[in-house]
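>>> what follows is a protein structure lacking sequence information:
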């Protein structure tokens, strides 16, 4: 269908059977709106990108985002239904995730270790899937992890959204572009050092998990970049006394200043899956709580995942 210049976005979407609803938010290069299929009233989310407002590099990134999202399927990555194009617009129609993002949930209450471990397992499952295919997200943050379920749901399911900075890299390729959101940037991105794009995602996940436990970022202050590069994360908050040694040790491996010290996505996913198994086994057994280190041998927890030295919390 040819898009006529005098048509509005509303009219264009209507020609494809959609009703345009309210604005939901903004992504890296466009705004996100709620849609509804006229035939069955099913709700969707649509990212509307105006190409006239982008330079050549940004247009290339948008095309890469479209190519990425339409080529992958994973239970913890937002699913694209279709992509509509006009002369100057790209509209990505995606599943509508109604549960709010991690930032929204964090504004209500902090999370327990078992809740954070469950979310970490889901995020890392998706990121390991992406990395295996040579795709680095490069803008993982609380706002880009969205619940597909409502707070009252028994099982909480999260999905990664907004692939505006995502692109494919060769396994040994280095990146130089400073992108993402500053509070989640790794030391290498902050200092504009050539960096491993896959390792950047791991660092960002570490920041997300730290925030879910404490309600704040691990690095802060007037000179945020200096803090990211030089300051260690604090584990003195009272919330850490409720967390296991294994959990904090794995988190340290995600927040290693050195890329070589960081776990890869597949390794981290395995660590959190094992930790999640330990949590679920305890619930099933209904035994009094014991230290995770005591049950590690019984449940074959992979202690090679742990960072050394361990933290006293």
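Done, it's in. Please read these numbers as outputs of a predicted model, since none were measured by experiment.

>>> which parts of the stretch 51-200 of the chain are strands?
Using DSSP state E, counting those that start in this stretch, the strands of the stretch 51-200 of the chain run over residues 80-85, 89-95, 135-136, 145-147, 158-160, 167-168.

>>> for residue 72, find the nearest of these.
strand 135-136 (7.5 Å; CB to CB). C-beta coordinates here come from the backbone N, C-alpha and C atoms, glycine included.

>>> show me the domain layout of the protein.
Domains of the chain are assigned by automatic domain parsing as 15-95, 102-305.

>>> mean pLDDT lowest for which of these?
Within those, the stretch with the lowest mean pLDDT is domain 102-305, showing a mean of 88.

>>> returning to what we had before: quick one: which of the domains of the chain is nearest residue 9?
Closest to residue 9 of these, according to CB to CB: domain 15-95, at 6.5 Å.

>>> endpoints of the closest one, how far apart?
Its first and final residues considered, domain 15-95 spans 19 Å by CA to CA, to the nearest Å.

>>> so who does the residue nearest the centre of the chain touch?
For the chain, the residue sitting closest to the mean C-alpha position, by CA atoms, centre = their mean, is residue 140 at 4.1 Å. The contact partners of residue 140, taken as CB atoms under 8 Å, 6 or more residues apart in numbering, are 123, 127, 160, 180, 184, 201, 204, 205, 208.

>>> what's the most distant pair in these?
123 and 180 (15.5 Å).

>>> more neighbours: the two, which one.
residue 123 (27 against 23; other CB atoms under 10 Å).

>>> the more buried one contacts residue 207, correct?
No: the pair residue 123 / residue 207 is not scored as a contact, 11.9 Å apart, by CB atoms under 8 Å.

>>> who touches both of those two?
Common neighbours of residue 123 and residue 207, using CB under 8 Å, 6+ apart, do not exist here.

>>> ok, back up a step: which one is the residue nearest to the centre of the chain nearest to, not counting chain neighbours?
Once flanking residues are discounted, residue 140 sits nearest to residue 204: 3.9 Å by CB to CB, 6 or more residues apart in numbering.

>>> mind listing what the one you found touches?
Per CB under 8 Å, 6+ apart, neighbours of residue 204: 137, 139, 140, 141, 180, 184, 185, 186.

>>> try it again with 7 Å
Counting by CB atoms under 7 Å, 6 or more residues apart in numbering, residue 204 touches 140, 141, 184.

>>> need phi/psi at it.
Main-chain dihedrals, residue 204, degrees, to the nearest 10: phi -60, psi -40.

>>> for residue 35, same thing?
The phi/psi pair for residue 35 (degrees, to the nearest 10) is phi -120, psi 160.

>>> distance-wise, check it relative to residue 10.
Separation of residue 35 from residue 10 (CB to CB, to the nearest Å): 10 Å.

>>> the more surrounded of these two?
Taking neighbours as other CB under 10 Å, residue 35 and residue 10 compare with residue 35 leading, 22 against 11.

>>> mind listing the shared neighbours of residue 35 and residue 10?
Counting by CB under 7 Å, 6+ apart, the contacts common to residue 35 and residue 10 are residue 20.

>>> the helix or strand where residue 249 lies: what's the following helix or strand?
Assigned by DSSP states H and E, residue 249 belongs to helix 245-254. Counting by DSSP H and E, the next helix or strand C-terminal to helix 245-254 is helix 265-285.

>>> between helix 245-254 and that following helix, find me the angle.
Orientation check (axes from the mean of the first three to the mean of the last three CA atoms, to 10 degrees): helix 265-285 against helix 245-254 gives 160 degrees.
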